[in-house]
Structure formats: structure tokens, C-alpha cells
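In: Sequence and predicted structure, then a few things I'm wondering about:
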Amino acid sequence: MSGFVEKPEPIQVPGLVHLHTGKVRELYRNEAGDLVMVASDRISAYDWVLPTEIPDKGRVLTQLSLWWFDQLADLVPHHVLSTELPAGAPADWEGRTLVCKSLRMAPVECVARGYLTGSGLAEYQESRTVCGLALPEGLVDGSELPGPIFTPATKAAVGEHDENVSYEEVARQVGADTAAQLRQATLAAYTRARDIARERGIILADTKFEFGFDGDTLVVADEVLTPDSSRFWPAEQWEPGRAQPSYDKQYVRDWLTSAESGWGRAGEQPPPALPQYVVDATRAKYVEAYERLTGLGWS
């Protein structure tokens with residue numbers, strides 16, 4: 001069992017039709033037919049959306065995504081039409097709301113990996129492959145790969161796991177031409193972002209993108225290159241052969257699996273509320289990632 005510990009009731013705004021409540025975002029459609037995405041401060045871990053929010057998290061994700069959309073604009077267009085607050089929306093939506101094109105979404109999580117960790121490491125330890133791609137012997141947790149690889153996954157509903165799939169399976173689902181477009185765009189965007197992050201002392205270990213089509217044009221959508229969709233490691237602490245310190249919700253995961261939380265991941269009980277010090281430390285990680293990557297102060 002997993003999902004929302006406490007599923008929120010969506011805010012009703014005149015002129016907007018609520019479409020979906022995701023792990024982090026609320027999705028609406030406006031009268032023009034555009035999508036309105038609102039990033040909440042919710043946080044998820046181990047397939048649960050936790051009962052405790054992380055202040056400013058939604059704004060950090062939104063503002064960091066906007067910064068990255070600009071960095072990638074010459075490689076792939078993005079879906080953002082406006083950041084203007086819809087009429088009648090609550091003031092709290094400021095800075096966390098995007099008005100976006102409605103796209104025909106590709107049903108694939110487009111993952112790029114430049115370093116070995118997570119589910120890729122688990123598969124590698126069994127078969128020396130990741131998503132069916134053969135890798136050299138001798139790699140360990142945190143090893144840099146010979147080159148970035150495209151390791152797609154299925155899109156999972158709230159409370160379920162994304163499942164890694166082969167490139168051949170993606171081609172079967174969406175067609176060979178679309179699969180090739182997705183792979184090319186994913187690896188080009190990852191490589192650009194990896195190099196930008198590296199200049200700022202951060203390793204981009206892996207990340208996932210979502211793409212859709214505006215007519216025949218491939219467009220990057222949702223969030224991009226945030227701590228929720230990426231593994232960012234401080235370069236000065238990188239040490240292959242162990243789990244790396246990271247700018248993401250690992251602090252939350254570590255607390256949930258600690259004796260202090262009293263929660264059993266394998267059981268059916270929902271996870272408990274987070275203590276304030278975990279909330280504060282997690283917020284600080286998100287803000288630090290934003291500031292180090294963009295060179296801008298968070299206010």
C-alpha cells in the first residue's frame with residue numbers, strides 16, 4: 001500500500017478546471033485550453049506522498065526549471081507560455097505557477113545517466129547492464145560511465161514505481177522515429193546540463209525529462225533538472241564506491257528508514273510526519289542547489 005498519506009483537496013479557481021493531483025503538482029486547464037501547473041510544497045519518498053510539506057519547495061522547483069528551460073532553449077523548445085498568475089488564483093500560487101502548452105505527451109520517462117547509482121547500479125550488479133545496455137566491468141556506486149546513456153522508464157501512477165525498460169521497448173511503444181528523437185533530445189539536454197553543473201562544482205549524476213509534441217515539434221515539459229527529477233552531487237565530495245551526498249530528498253529518505261522514525265518501509269502503515277529539523281535541512285538542500293546552479297540568491 002502507498003500513495004497519499006493525506007490527499008489534499010484541490011483549490012477551486014474560477015475559470016480553471018482541475019484535472020489532476022500529482023505527487024507534487026496540481027494540474028488545471030484554463031478557458032483558452034492551456035494547462036496551468038501549480039507546484040506544491042509536497043514531498044514524496046518510497047512511493048508515499050508525505051504528510052509534511054517543505055516550505056518553498058514548489059517555488060524552488062518552478063524557478064529552477066524556468067532557469068534550465070532558458071539554458072536548453074536552443075536544443076529543445078519548452079512548454080511554458082506564461083508565469084502570470086491566473087485571475088482569482090490565491091496569492092500563494094505566485095512563483096510556483098506555470099501556464100503551459102497542452103501537448104501530446106510521450107508515455108515515457110526519458111532518463112539520462114552519466115554516473116552509476118540507484119536502480120541502474122542494482123541492475124549492473126546483477127548483469128553488467130543498465131536497461132539492457134552493456135557496461136564495462138569494475139564499476140561501483142558513483143562511478144562515472146564511459147559516456148551518458150539513455151535509460152528510459154515507464155510512467156507510474158502515484159504510489160507505484162517507475163519501471164526501467166529497454167530502448168527497443170520504447171521504440172515498440174512509440175515508433176522508431178519518435179524513440180530516436182526522445183533519445184537524442186534527452187542525451188543532448190543532459191550533456192548540456194552536466195557541463196553547466198560541472199562548472200558550478202556540481203555533478204549531475206542522472207536526470208529524467210518528459211517530452212510531448214506540439215504538432216510535429218518535440219517539446220520538453222513538466223519540470224527539468226530539479227532536485228526532484230535529478231541526482232545532484234557536490235563535486236568536492238564525490239568518492240566512487242559509496243553513496244554520495246546529494247542535493248535532494250535523501251535526507252528525508254534517511255530519516256524515514258532510521259530507528260528514530262519508527263516506520264517500517266516494508267509494512268502497510270503510512271510514514272509519519274517529519275520532524276522540524278528534517279524539514280529545515282531538506283529545505284536548505286533545495287535552496288542550496290538552486291543558488292549553486294543559477295548563481296542567484298534565493299529570497
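Out: Alright, I've got the coordinates.

In: what's the burial count for residue 50?
Out: 23 (other CB atoms under 10 Å). All C-beta atoms are positioned from the backbone trio N, CA, C, and that covers glycine.

In: how about the nearest residue to it, chain neighbours excluded?
Out: residue 43 (5.5 Å; CB to CB, 6 or more residues apart in numbering).

In: residues in contact with that neighbour?
Out: Shown in contact with residue 43 (CB atoms under 8 Å, 6 or more residues apart in numbering): 24, 49-50, 52-54, 57, 249, 252, 282.

In: Farthest pair within those?
Out: Longest distance between any two of the contacts of residue 43 is 14.6 Å, between 49 and 282; criterion CB to CB.

In: Which secondary structure elements does the strand with the most length in the chain sit against?
Out: Within the chain, and with DSSP state E defining each element, the longest strand by residue count is strand 202-214. In terms of contacts (3 or more CB pairs under 8 Å, 6 or more residues apart in numbering; DSSP states H and E), strand 202-214 is packed against strand 104-105, strand 110-115, helix 176-199, strand 217-221, strand 230-234, helix 276-294.

In: can you rerun that using 10 Å?
Out: Using 3 or more CB pairs under 10 Å, 6 or more residues apart in numbering; DSSP states H and E as the contact test, the elements touching strand 202-214 are strand 104-105, strand 110-115, helix 118-127, strand 144-150, helix 176-199, strand 217-221, strand 230-234, helix 276-294.

In: With just CA atoms, put it into PDB.
Out: Taking C-alpha atoms only, strand 202-214 is exported to PDB below (Å, rounded to 0.1, in the frame of the first residue of the first chain):
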ATOM      1  CA  ILE A 202      28.000  20.000  -9.000                       C
ATOM      2  CA  ILE A 203      27.900  16.600 -10.600                       C
ATOM      3  CA  LEU A 204      24.700  15.800 -12.400                       C
ATOM      4  CA  ALA A 205      24.600  12.000 -12.000                       C
ATOM      5  CA  ASP A 206      21.300  11.400 -13.700                       C
ATOM      6  CA  THR A 207      18.100  13.100 -14.600                       C
ATOM      7  CA  LYS A 208      14.700  12.500 -16.200                       C
ATOM      8  CA  PHE A 209      12.800  14.500 -18.700                       C
ATOM      9  CA  GLU A 210       9.300  14.400 -20.000                       C
ATOM     10  CA  PHE A 211       8.600  15.300 -23.600                       C
ATOM     11  CA  GLY A 212       5.500  16.000 -25.700                       C
ATOM     12  CA  PHE A 213       4.600  17.000 -29.200                       C
ATOM     13  CA  ASP A 214       3.200  20.400 -30.300                       C
END
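
In: quick revisit: can you tell me which of the helices and strands packed on strand 202-214 is most buried?
Out: Mean neighbour count (mean count of other CB atoms under 10 Å) peaks for strand 110-115 among the helices and strands packed on strand 202-214, with a mean of 24.

In: For residue 102, grab phi and psi.
Out: Per-residue torsions, residue 102: phi -80, psi 120 (degrees, to the nearest 10).

In: That one against residue 37, yeah?
Out: No: the criterion here is CB atoms under 10 Å, and residue 102 misses it with residue 37 at 11.2 Å.

In: Neighbour count: these two, which is higher?
Out: Neighbours per residue, other CB under 10 Å: of residue 102 and residue 37, the larger number sits with residue 37, 23 against 16.

In: ok so, going back, would you tell me which of the helices and strands packed on strand 202-214 gets closest to residue 163?
Out: Among the helices and strands packed on strand 202-214, the nearest to residue 163 by CB to CB is helix 118-127 (9.2 Å).

In: what comes into contact with the closest one?
Out: By CB atoms under 10 Å, 6 or more residues apart in numbering, the residues outside helix 118-127 that reach it are 111, 113, 115-117, 129-137, 139-143, 145, 149, 151, 153, 161-164, 205-206, 231, 243.

In: sorry, back to before: the longest strand of the chain to strand 230-234, inter-axis angle?
Out: 160 degrees (axes from the mean of the first three to the mean of the last three CA atoms, to 10 degrees).

In: Check the gap between the closest residue to residue 241 other than its chain neighbours and residue 177 for me.
Out: Spatial nearest neighbour of residue 241, chain neighbours left out: residue 140 (4.6 Å); criterion: CB to CB, 6+ apart. Separation of residue 140 from residue 177 (CB to CB, to the nearest Å) stands at 37 Å.

In: now residue 247
Out: Counting by CB to CB - residue 247 and residue 177 are separated by 36 Å.

In: measure stretch 257-269 end to end?
Out: 13 Å (CA to CA, to the nearest Å).

In: pLDDT score assigned to the residue lying closest to residue 113 once chain neighbours are set aside?
Out: Sequence neighbours aside, residue 206 is the residue nearest to residue 113 in space, at 4.2 Å (criterion: CB to CB, 6+ apart). If you check residue 206, the pLDDT there is 97.
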